[in-house]
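K.L.:
quick one, what's the 3D model for this:
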Amino acid sequence: MNCVDIVQQYLQQYAVQPSGIVGDSHPLESHSSRDAVSFREILFVALFMSLGGIAYGLHKAGYTYVGLGVVGIPFLGACAIEPRIGLYAYGFWQVWDSAAVIGSSETAWLTPAKMLAFLILFTGIVPLFKHSAPFLVSRTTVYSLLAFVSVAALSVMWSYEPSKSARLAAQMFVQLALLWIYVKLISVDLAYFKRLLFWTFVGGLTAGAYTILYGMEQKSFGRATLGERSNPGSVGAALVTALSCGPVLWIFVRRAWFKGFLFAGCLVLVLAVFTTGTRSAVGAIGAGFLGAAVFSRSSGFGARLMILILTVGLAYASAMASLHSGVLGERSEARLAGWLGVAPPSGVRALHSRVGRDEIWSMAWKGYVSTKGIGAGVGAAAYANLEGAGLFKDVHSNIMGSLTEMGFPGFVSLAVVHILLLIRAWNLHWRRLTGPAIIVFSGFFMFGAVHTTYTTKLFWLPITLLVVLFEVDARMRGADADPRQPHGV
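P.N.:
Model prediction:
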């Protein structure tokens, strides 16, 4: 046996096991899961890491667009060969994206994730002409999302800012199309779904580690973040999305060392969220794990009560340890201390906005009334608030934002989306998945309750993960498979 044969044999054995999390074939699809990750994908990861280093050097030297070409052209080729690479990359990159806004103006909005979304649509739709898996349980949920996006698109006709509303409505349609691509290409095999969770988790973990180590070097917001133009709130919410992948992936894991990796990674992500000082993200973490402990269907009341007590104790201990660790900046420390109801160790008090959330939402109602009930147009709530309450300010809430921007139809359609997601999470066939699904749901819902996110991936990516989870669960049920026997994990 020569060297080439040895290499080929090694790749055949381990090509489907990135970081050791994926193993033998699963009965969700007739073909083997060994086709899920091939030598091409392994080569891509190694190549992309090398090209990324070169591109970063070019960027520091002032040749940013040359660096983009060095990375982008090979990446385009890789996605054309294996479209799922783009899907994994989108999950990996979602936290980092806010640090890479393209353009120098304050209103710049183009990011690598938006360009990657179009690449995914272009390369991902081609395989569906050969093989298209049907929606098994999520068709109604997808229709409700389509209704919500359609209302957003209709609001362009009477928007206070039609060009911005049209761009955001188009952005929402792209996100819905991405969800469709994810379901069609990922839910057909458990191995694909595990890989998506893994790379989304690892992407968040790398960004979280960077936030902890270097986040306070960014001075614009006074809180840890990923760049001078990277809002710490957006970073915190994206970190929560990555964190929520950990509990879902935990269900499919048998190896103790990998469970240890997930546990340690979750602790890093929690600490990173604390450093951003994003109280809504901290609340999302707490609500998710408390909800999972209370509503989990995989154990009896006594066991759930014990889990609830342990969860509350661990959450409080983690928060207090972070507060006194010296890692948090003064503003993040003050915000976390205020959320916990204790005095900050540094003695610095959190700065409160002159306009609180309750005042903003009261103002949003006046803005909604000033639109005669039809809404100001998606993304244009500030204009309605200016007209109705005399203050040009965004709503900072998906709940009030949907009403102020899209009227009663937008509010109702958004509510239906959330209700259907909760019902489907509760009705998961494999009960052990209910708790993790609640964690994913709580992450984007809690943050969205105090921020307007429905035009962004902070809203759409967690929903995509949930819908894919629902479809994977249904296919496992149809294949008589058990997630506790994840075939090599």
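K.L.:
tell me how many other residues surround G283.
P.N.:
Neighbourhood size, G283 [other Cβ atoms under 10 Å]: 17. Bear in mind the C-beta positions are built from the backbone N, C-alpha and C, glycine included.
K.L.:
oh, that last question was meant for G86, not what I typed.
P.N.:
For G86, the count of nearby residues is 25 (other Cβ under 10 Å).
K.L.:
same deal with M157?
P.N.:
M157 has 11 neighbouring residues, counting by other Cβ under 10 Å.
K.L.:
for it, give its distance to S325.
P.N.:
Distance of M157 to S325, computed by Cβ to Cβ, to the nearest Å: 52 Å.
K.L.:
try N398
P.N.:
Counting by Cβ to Cβ, the gap from N398 to S325 is 32 Å.
K.L.:
what about these two, which has more around it?
P.N.:
Counted by other Cβ under 10 Å, N398 and S325 do not tie: N398 has more neighbours, with 23 against 14.
K.L.:
apart from its chain neighbours, what residue comes closest to the more buried one?
P.N.:
Distance criterion Cβ to Cβ, 6 or more residues apart in numbering; nearest residue to N398, sequence neighbours excluded, is G448 at 3.9 Å.
K.L.:
again, but for G377
P.N.:
Closest to G377 by Cβ to Cβ, 6+ apart is S159, at 2.3 Å.
K.L.:
what does V417 give?
P.N.:
That would be S144: by Cβ to Cβ, 6+ apart, it lies 4.9 Å from V417.
K.L.:
what about the one you found, helix or strand, and which?
P.N.:
Using DSSP states H and E, S144 sits in helix 139-154.
K.L.:
from the chain's centre, how far out does that helix sit?
P.N.:
20 Å (Cα atoms, centre = their mean, to the nearest Å).
K.L.:
how much space between V66 and G52?
P.N.:
Noted for V66: a distance of 14 Å to G52, by Cβ to Cβ.
K.L.:
now do the strands in the stretch 51-200 of the chain.
P.N.:
With DSSP state E, counting those that start in this stretch as the criterion, the stretch 51-200 of the chain has no strands.
K.L.:
show me the shaky parts of it.
P.N.:
103-108, 131-132 (pLDDT under 70).
K.L.:
how about a cut-off of 80?
P.N.:
In the predicted model, the stretch 51-200 of the chain carries pLDDT under 80 at residues 52, 56, 59-60, 62, 64, 78, 100-109, 126-133.
K.L.:
go on, the stretch 251-400 of the chain?
P.N.:
Low-confidence segments of the stretch 251-400 of the chain (pLDDT under 80): 293-358.
K.L.:
what about the helices in it?
P.N.:
Secondary structure of the stretch 251-400 of the chain by DSSP state H, counting those that start in this stretch: the helices cover 256-276, 279-295, 301-323, 330-340, 357-370, 381-389, 398-426.
K.L.:
closest to A238 out of the ones you listed?
P.N.:
For the helices of the stretch 251-400 of the chain, the distance to A238 is smallest for helix 279-295, at 9.0 Å, taking Cβ to Cβ.
K.L.:
show me what the closest one is packed against.
P.N.:
Applying 3 or more Cβ pairs under 8 Å, 6 or more residues apart in numbering; DSSP states H and E, one finds that helix 279-295 contacts helix 232-251, helix 256-276, helix 301-323, helix 330-340, helix 434-449.
K.L.:
just the ones you listed: most buried one?
P.N.:
Across the helices and strands packed on helix 279-295, averaging neighbours per residue (mean count of other Cβ atoms under 10 Å) puts helix 232-251 on top, at a mean of 27.
K.L.:
just how off-centre is that one within its chain?
P.N.:
Helix 232-251 has its C-alpha centroid displaced from the chain centroid by 6 Å (Cα atoms, centre = their mean).
K.L.:
what angle do helix 434-449 and it make with each other?
P.N.:
Note on geometry: by axes from the mean of the first three to the mean of the last three Cα atoms, to 10 degrees, helix 232-251 and helix 434-449 are set 170 degrees apart in direction.
K.L.:
can you offset everything so residue one is 5?
P.N.:
Let's use 5 as the start, then, which means that last one is helix 236-255.
K.L.:
among the helices and strands packed on helix 283-299, which is nearest K370?
P.N.:
Set against K370 and scored by Cβ to Cβ, these come closest in helix 438-453, at 19.9 Å.
K.L.:
give the other helices and strands that the closest one contacts.
P.N.:
helix 236-255, helix 283-299, helix 402-430, helix 461-482.
K.L.:
got the buried residues for the shortest one?
P.N.:
Okay, so that is helix 283-299. Neighbour counts over helix 283-299 (16 or more other Cβ atoms under 10 Å) mark 283-297 as buried.
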